[in-house]
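Q: generate coordinates for the sequence data below:
(3 chains)
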Amino acid sequence: VNLDSLLEEKIKEFIGCGDGCPSTVTKTLSCTSIKASGRLASCPPGMAVTGCACGYGCGSWDIQNGNTCHCQCSVMDWATARCCQLA
Amino acid sequence: VNLDSLLEEKIKEFIGCGDGCPSTVTKTLSCTSIKASGRLASCPPGMAVTGCACGYGCGSWDIQNGNTCHCQCSVMDWATARCCQLA
Amino acid sequence: VNLDSLLEEKIKEFIGCGDGCPSTVTKTLSCTSIKASGRLASCPPGMAVTGCACGYGCGSWDIQNGNTCHCQCSVMDWATARCCQLA
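A: Predicted coordinates:
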């Protein structure tokens, strides 16, 4: 029996992760803003929308397709998505 | 000495978790929207409110009882809570 | 060979963390609101801004310096930052 490989196998088994594990454990919440002209702004893949801001003082928005801010007021010049991930 | 049980005990001791551990390590941020009529919208247990949207273009809101969006503008028809969790 | 120290060394190597590791594994998303008078409200160090609310029904805001909500409407009496972290 090779103790080293036995240990590695056992540890990965108990933690339930493969190669992606080590970097995952120390993650913190990291957020950024994505601004676009018009009434839609999308978060990049891997990030979640936590809130939206809109032009013209508008606070009425909804999320479309899971990752896109949609500002609802009739006239709109810009939209911003607040996007967060564990990183 | 049974090497397997010694390993399991040691690994759990160092990681500081019990049965809930394996699934925790690979978590990512996941968000959803909860919309309600009126001026209040609440996130379900286990989810945190990261932001709110309100009808009538209103961007003035506060969080009540830790998990409920409260839209403050005088006239209000709907409220939406943006709810996130590690999942 | 001391099996205990060999195990500790191996486990820390695979998990990729030191003393900070145990408490990290069981983290959940935790959020709070920071309200201030004027047009600026900041999250404390270690927390991320996930969204903002503003007085006068205003829904136009942006994030300054990574952790500060800036309400953009011309007249403004209060700003609130929604601040989240893994805790």
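Q: lowest-pLDDT helix or strand in chain A?
A: Ranking every helix and strand in chain A by mean pLDDT, DSSP states H and E puts helix A:21-25 at the bottom, with a mean of 45.
Q: residues in contact with residue A:62?
A: A:70, A:72, B:33, B:35, B:53, B:80 (C-beta atoms under 8 Å, 6 or more residues apart in numbering or on different chains). C-beta: built from backbone N, CA, C; applies to glycine.
Q: quick one: which of the residues you listed is nearest residue A:86?
A: residue B:33 (20.1 Å; C-beta to C-beta).
Q: which element follows the least confident helix or strand of chain A toward the C-terminus?
A: Scanning forward in sequence from helix A:21-25 by DSSP states H and E, the next helix or strand is strand A:29-37.
Q: element containing residue A:10?
A: helix A:3-15.
Q: residue A:49 too?
A: With DSSP H and E as criterion, residue A:49 is part of strand A:48-54.
Q: ditto for residue A:84
A: Using DSSP H and E, residue A:84 falls in strand A:78-86.
Q: state the mean pLDDT of that strand.
A: Mean pLDDT, strand A:78-86: 97.
Q: that strand pairs with which strands, and in what direction?
A: With DSSP bridges as the test, strand A:78-86 is paired with strand A:29-37 (antiparallel), strand A:48-54 (antiparallel).
Q: quick one, which of these is packed in tightest?
A: Comparing the strands paired with strand A:78-86 by mean neighbour count (mean count of other C-beta atoms under 10 Å in any protein chain shown), strand A:48-54 comes out on top with a mean of 28.
Q: I'd like the next helix or strand past that strand.
A: Using DSSP H and E, the first helix or strand after strand A:48-54 is strand A:61-64.
Q: for that following strand, list every residue counted as buried.
A: By 16 or more other C-beta atoms under 10 Å in any protein chain shown, the buried positions in strand A:61-64 come out as A:61, A:62, A:63.
Q: and it, how far out from the chain's middle?
A: 15 Å (C-alpha atoms, centre = their mean, to the nearest Å).
Q: any bit of the very next helix or strand once past it sitting next to chain B?
A: Scanning forward in sequence from strand A:61-64 by DSSP H and E, the next helix or strand is strand A:68-71. No. Judged by C-beta under 8 Å from any C-beta of the partner chain, strand A:68-71 makes no contact with chain B; its nearest approach is 9.3 Å.
Q: outside of strand A:68-71 itself, list whatever touches it.
A: Contacts of strand A:68-71 (C-beta under 8 Å, 6+ apart): A:39-43, A:49, A:52, A:54-55, A:58, A:60-64, A:79-81.
Q: how about a cut-off of 10 Å?
A: Outside strand A:68-71, the residues that touch it by C-beta atoms under 10 Å, 6 or more residues apart in numbering or on different chains are A:34-36, A:38-43, A:49, A:51-56, A:58-64, A:76-83, B:53, B:57, C:59-60.
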